[in-house]
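Engineer: Pasting a predicted model and its sequence here:
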Amino acid sequence: MLPIKQHQGPLTAELLREPGRFGLGQVPAGAVPDAVTNSICGFCSTGCRLRIHLKDGEAIGLTPEARYPVNLGMACPKGWEALTVLDAPDRAIRPLWRDASGERHPIGWDTALEEMVYRFKEIQAKHGKESLAFISTGQIPCEEMAFLGALTKFGMGFKHGDGNTRQCMATSVVAYKQAFGFDAPPYTYADFEESDVLVFIGANPAIAHPILWQRVLSNRRSPEIVVIDPRRTETAQSATLHVALKPKGDLWLLYALAHCIVRDGRVDDAFLAAHTTGFEDFENFLAGYAPEAVADRTGLTTGEIEALARLVSDPSKRVSWWWTMGVNQSYEGVRTAQAIVNLALMTGNIGKPGTGANSITGQCNAMGSRLFSNTTNLLGGHDFSYPAHRSKVAGILGIDEERIQKETGWAYDQILDGIDRGDIKGLWIIATNPNHSWIDQSRFKELRDKLEFLVVQDMYESTETAQLADVLLPAAGWGEKEGTFINSERRIGVIRPVRKPPGQALSDFRIFRLVANAWGCGEMFAKWTSPEAVFRMLQELSAGQPCDITGIDGYDAIDAAGGIQWPFPKENADPARERRLFADARFYTPDGKAKFFFDPPKEHLPEEPDADYPFLLLTGRGSSSQWHTETRTAKSAILRKLSPVGLHVEIHPADATKLGIREKDLVEIRSRRGKVVAQAYVTSVVQPGQIFLPMHDREVNRLTHASFDPHSRQPSYKASAVAVKKAE
Amino acid sequence: MNALGNAREIRKSPVLRTLIDDLLAEQKKLQTPVARFAEIHDREPDLAAHYRNLIPLTAPGPGEQYAFEVSLDRCTSCKACVAACHSLNGLDDDEAWRDTGLLVGGREEPGWQQTITTACHHCADPGCLNGCPVGAYEKEADTGIVRHLDDQCIGCSYCLLKCPYDVPKYSKKRGIVRKCDMCQGRLAAGEAPACVQACPTGAIRIVKRSIAEVMAEGAANEGFLTGAPAPKTTRPSTLYIGRHVPTTAKPADRESLAPQHAHWPLVLMLTLTQAGLGLSVAASFTAHFASALAGAVLFMAGMAASILHLGRPLGAWRFFLGLKTSWLSREILAFSLVAPLVLLAPALPFAGKLPAELAAPVAKLLPLFAPSFALLALAAVFTSVMIYVDTQRKSWRFAVTATRFFGTTAVFAALAIPMPHASPLMCVLPGFVILAKLLLVDVRGLQHALDEDWSPDRHTARVQLGPLRRVTALRLAASLLAAVAAMIFPWLALPLLVVAELTERQLFFQSVHAPKMPGGVTN
């Protein structure tokens, strides 16, 4: 007989939970692992370590790892969903070849390689060796970046190659390199917890780096949290002070702060004298930046500027400065980042706990690309133009020194200009999506037609860029391959293969092996048999550099140590789990001193709002569940659930009233380059005269104005003039 | 083309072909180094130290229950709680028992924003539990956790309507509802619920609360969350603390005009049973076979449709378990009682043809049939009305729902009256009743579209004039045509009126303002 109440049964059983062992606590009964392993998350540069639950060797689930010093058992939704996005139906499962009509046909690896090599060699024969270029990514491990950089430049004769890291980190790279003598973010995450005053500039870690924000909120020193941002972002909402400055008022403000600090004698004279150069010139330069003189530029009152100057120069407080894309993605980003460095140096806030001029990186391995991508610098943070560096690299890799180019190749935007001029005829794009993400996006599509041959290598066959490829090479993704990432605080971590990729997809590392072989330079890469073998070479390359990691004994040692921050040299390595740089105040410049850099801010924005285009368009992160062009995050139903539905434009109530726009109305946003339609989200999170669009939507970069920082060539995404009206 | 050498022959190279095969094979081998064997053994969860302070040390005492406590100042919109709930509970691809939304400051503080994380509030007086016809919800005596018994559930979805916080979710593939159980198994083992474990800033914790206090706060409509549905209905136990919420705060999705689920089987069931009862009751007064038969056909079609609304109809026999609190149970009972009378009504005209020994007693009872049938029919429709009134949704308040439901019965009853003898005067009656309902229900409702301030009524009117404008137009047109047709020939009006009332009921379901926790930025 059927019971009156059914407390048990097949439906109830579906939701049972059982002890997962391995210190996991309870897990779903259908997903109890028989083993676990560790892997660094493959989205952002926080570098959380995930504990991967395995059954019969394959991943069946994951949890953030509690004992890892970075994330302390936490992850953002992207990390939790890292495995889900591998199962998408639009995974690239075999090479595709696009015919003249644009239709794509599956082909074998042998044919794909032949087509790629033949067409690339044909282009080189016709237009010269340097007519081929590559654009890569901050999303693949160091070993793959190094392989790509070495294969293309030393093996295939490319001169030009760059990464999407140009879109996020180039500014910080140049700023650090000039000021500190090496691209060296000085901090460790513990500094978030040990600081008394944390100043975030153009950064929204609450949603862009949630796990770093966790560290801020675990600070027990009752810190002042200052957020300098035109928008009242999620981070600004929970700050103790939100400085809502005018867009691109940052450089003016930072110089004004420096002015006040010098004027009030709140500089650390002893530190300046002993460990820096160029301060006197800077001091003179600052004369023109009194708060009264620049208040208008910043949109702040002199009182606000003075108060902030006092706060950040309080000698009794540990002050740390943190920035991300609001600073980096600017036409004068390098000087802005250096203005922050200058403030940290002047006040002696460097090399001590809870201090620093700290760039938070973007992609999971942007920091790896900064050392090992063989693009802006020669493998291992070396310089293409130094003969000694070339010979060192040639020696370690066992290649002819003459194969190493003597000058740096072009930056991303210069490569695209090269295509426009007809200098670049063949392009190889790896794990990035410029047909969505590149500034003034429509131009990218036009340029594609000027290319004789485009190879795209990606996990998905559906990305906006993959669809344009003549040949698409199917790549394995994070979770299906091995290698190392370096996170924002210079911590090296290992990723592990825990899933078999679908179909014939291969890891980028294996694809490079195939291309090397097909190209005819397989011999040159005979030693490049596995990621770990390459890691040993990268260690050798790092010897004697600030990023020396010769003391690491292979992947397992990294894993066991809970990640290892560079430097970690063979001799006298400090085994501490949290290490910051410059405790000895010795910088990496030839004289060991940090250097002041400064330039007058530009009087005008590259595209100043005017009568026709009266609004300023800001772009940025939409939510914690979205990543870049969403090729991965859109594949998880849970991440989609957590993202805004549809494209929304933030517009201030005063502007909305003026334009007769009501909540949810369709709004047309037009720039000189294109237009998009979005739904109105009327909010004073943005200031009057400004609107905000999330960068993840495929249409947003149709609007953006292509201008670049002259030193870093980083695109300035965050200030374009647009017109706004109610859509008809 | 010398530089190209034998590039066109690359694919034939045996070395390359072997390498391709080797690498493809290698790629399919997973030789992941796994954690040391010692780690396999049972041990305290690695996160235990993290969440020790986020869950109570001891189980709730008498008169207490577990409750979620959310520190708004610590919640910074990372939404890991949702992903962890999904993942650690092994839920469907798009399923999570916790969700996030956004409150915005409104007039008082226009730039203010706050992410709201929300799961089941494990209410002191749970609407889901009270509404469930088959006892598929239980409030655990020792923990106060409101548990859903998946194998007891018949998938009637009434709890979806009863919960003001949009917590229970229907699983189509299983035909049942599922919801948050506060990870009771984890709590029992001293572990924190998934969302509590996963919050990077410790913004979610489990606390013990006095049930009497929760009840009292709810009764006073205090202490919950500005911008969320009032706590009076179900007495939610969740505490939102830590950040001042402006009194004008409102959900970011409040202006969203997305229509609700249509619940087609319910649209059919309600409309057709009410129409059938109207025809049938009127026919029992006029002792008219054809209209009584039409009534029985419509009524039984409606009853059949109601089965389609159940995900697992085989368990519906347990409906009596809910009679004490659930209007749905009472509706099932009322309709079971009235159904035989509906079937009997077409036989009334033939009562005289019974054998003599039966004819006498029947003749005695016959005058009682129509009035008692009418009373029972009204009672049955009343239970239907109360099902929706009891959800406490503003757009389904008694006056509105009763006018709609009894109105349907009335228009069909009015239509049935001239059916036996279509005199011109009698034919005006249905037209009059149809127009009256149109005025009282539709026209009166739509007026609210012009209201200055947001209200559930304005929402409903704007949904009807916005995304549902075609349905609204069809409703108006079919009603007017039916009114005209009735004057010409009542039977002609019947199908038109069925369409008019079905669209009325579709609008009833789809344009309702369904209370819920604040949602995110949406269309």
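Structural biologist: Ah, there it is.

Engineer: Show me what the longest helix along chain B packs onto, helices and strands only.
Structural biologist: What stands out as the longest helix in chain B, according to DSSP state H, is helix B:356-389. Helices and strands touching helix B:356-389, by 3 or more CB pairs under 8 Å, 6 or more residues apart in numbering or on different chains; DSSP states H and E, are helix B:264-286, helix B:327-344, helix B:398-416. No exception for glycine: its C-beta is placed from N, CA and C like everyone else's.

Engineer: The stretch 401-523 of chain B against chain A: which residues are in contact?
Structural biologist: B:G520, B:V521, B:T522, B:N523 (CB under 8 Å from any CB of the partner chain).

Engineer: What's the PyMOL syntax to select whichever of those residues are buried?
Structural biologist: Remark: buried members of these, expressed as a PyMOL selection using 16 or more other CB atoms under 10 Å in any protein chain shown:
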select buried, chain B and resi 520+521+522
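
Engineer: Check pLDDT for the residues of the stretch 401-523 of chain B next to chain A and point me to the minimum.
Structural biologist: Here the lowest pLDDT out of those sits on B:N523, with 77.

Engineer: low-confidence ranges in chain B?
Structural biologist: Where chain B drops to pLDDT under 70, the residues are B:1-7, B:34-42.

Engineer: Which residue ranges of it form strands?
Structural biologist: Using DSSP state E, the strands assigned to chain B run over residues B:64-71, B:99-104, B:113-118, B:137-139, B:146-148, B:169-171, B:176-178, B:204-210, B:239-241, B:250-251.

Engineer: by how many degrees do the second one and strand B:113-118 diverge?
Structural biologist: With axes from the mean of the first three to the mean of the last three CA atoms, to 10 degrees applied, the angle from strand B:99-104 to strand B:113-118 works out at 150 degrees.

Engineer: Note down every partner strand of strand B:99-104 and its orientation.
Structural biologist: Pairing partners of strand B:99-104, with direction, according to DSSP bridges: strand B:113-118 (antiparallel), strand B:250-251 (antiparallel).

Engineer: between the longest helix of chain B and helix B:327-344, how many degrees?
Structural biologist: Going by the same axes, to 10 degrees, helix B:356-389 makes 150 degrees with helix B:327-344.

Engineer: now, of the helices and strands packed on helix B:356-389, which is deepest in the fold?
Structural biologist: Comparing the helices and strands packed on helix B:356-389 by mean neighbour count (mean count of other CB atoms under 10 Å in any protein chain shown), helix B:264-286 ranks first with a mean of 26.

Engineer: Now stretch A:445-464: buried residues?
Structural biologist: For stretch A:445-464, burial by neighbour count (16+ other CB under 10 Å) applies to A:447-448, A:451-464.

Engineer: how long is that stretch end to end?
Structural biologist: From its first residue to its last, stretch A:445-464 covers 10 Å (CA to CA, to the nearest Å).

Engineer: Tell me if it is near chain B.
Structural biologist: No: taking CB under 8 Å from any CB as the criterion, stretch A:445-464 and chain B are apart, separated by no less than 12.9 Å.

Engineer: same question, stretch A:69-84
Structural biologist: Yes: residues of stretch A:69-84 contacting chain B under CB under 8 Å from any CB: A:L72, A:G73, A:M74, A:A75, A:C76, A:P77, A:W80, A:E81, A:T84.

Engineer: who are the neighbours in contact with the second one?
Structural biologist: With contact set as CB atoms under 8 Å, 6 or more residues apart in numbering or on different chains, A:G73 has these partners: A:T63, A:P64, A:E65, A:A66, A:R67, B:D46, B:L47, B:H50, B:Q197.

Engineer: 7 Å instead?
Structural biologist: The contact partners of A:G73, by CB atoms under 7 Å, 6 or more residues apart in numbering or on different chains, come to A:P64, A:E65, A:A66, B:D46, B:L47, B:H50.

Engineer: biggest separation within those, which pair?
Structural biologist: The span of the contacts of A:G73, defined through CB to CB, is set by A:E65 and B:H50 at 11.9 Å.

Engineer: quick one: A:L272 from chain B, how far?
Structural biologist: 37 Å (CB to the nearest CB, to the nearest Å).

Engineer: Grab the nearest non-local neighbour of that residue.
Structural biologist: Closest residue to A:L272 apart from its sequence neighbours, by CB to CB, 6 or more residues apart in numbering or on different chains: A:F279 at 5.0 Å.

Engineer: Mind pulling the model confidence for the one you found?
Structural biologist: 97.

Engineer: Distance-wise, check it relative to A:L86.
Structural biologist: 52 Å (CB to CB, to the nearest Å).

Engineer: what's the answer for A:V682, then?
Structural biologist: Counting by CB to CB, the gap from A:V682 to A:L86 is 39 Å.

Engineer: same deal with A:I549?
Structural biologist: 29 Å.

Engineer: Between these two, which is the more surrounded one?
Structural biologist: Neighbours were counted for A:I549 and for A:L86 using other CB atoms under 10 Å in any protein chain shown; A:I549 has more, 28 against 21.

Engineer: The more buried one reaches A:F568, doesn't it?
Structural biologist: Yes: here A:I549 lies in contact with A:F568, judged by CB atoms under 7 Å, at a distance of 5.0 Å.

Engineer: how many other residues sit next to A:L506?
Structural biologist: Neighbour tally, A:L506, other CB under 10 Å: 26.

Engineer: Ok, A:P569 next?
Structural biologist: The burial count for A:P569: 20, using other CB under 10 Å.

Engineer: B:R318 and A:C44, how far apart?
Structural biologist: 51 Å.

Engineer: Mind checking which of these two has more residues around it?
Structural biologist: Shown here are B:R318 and A:C44; by other CB under 10 Å, A:C44 has more neighbours (27 against 20).

Engineer: What backbone torsions are found at the more buried one?
Structural biologist: Note on A:C44: its backbone torsions stand at phi -100, psi -180 [degrees, to the nearest 10].

Engineer: next one: the one 5 residues further on
Structural biologist: Here is the backbone geometry of A:R49 (degrees, to the nearest 10): phi -100, psi 130.

Engineer: Likewise for A:L693?
Structural biologist: Dihedral angles for A:L693 - degrees, to the nearest 10 - are phi -130, psi 140.
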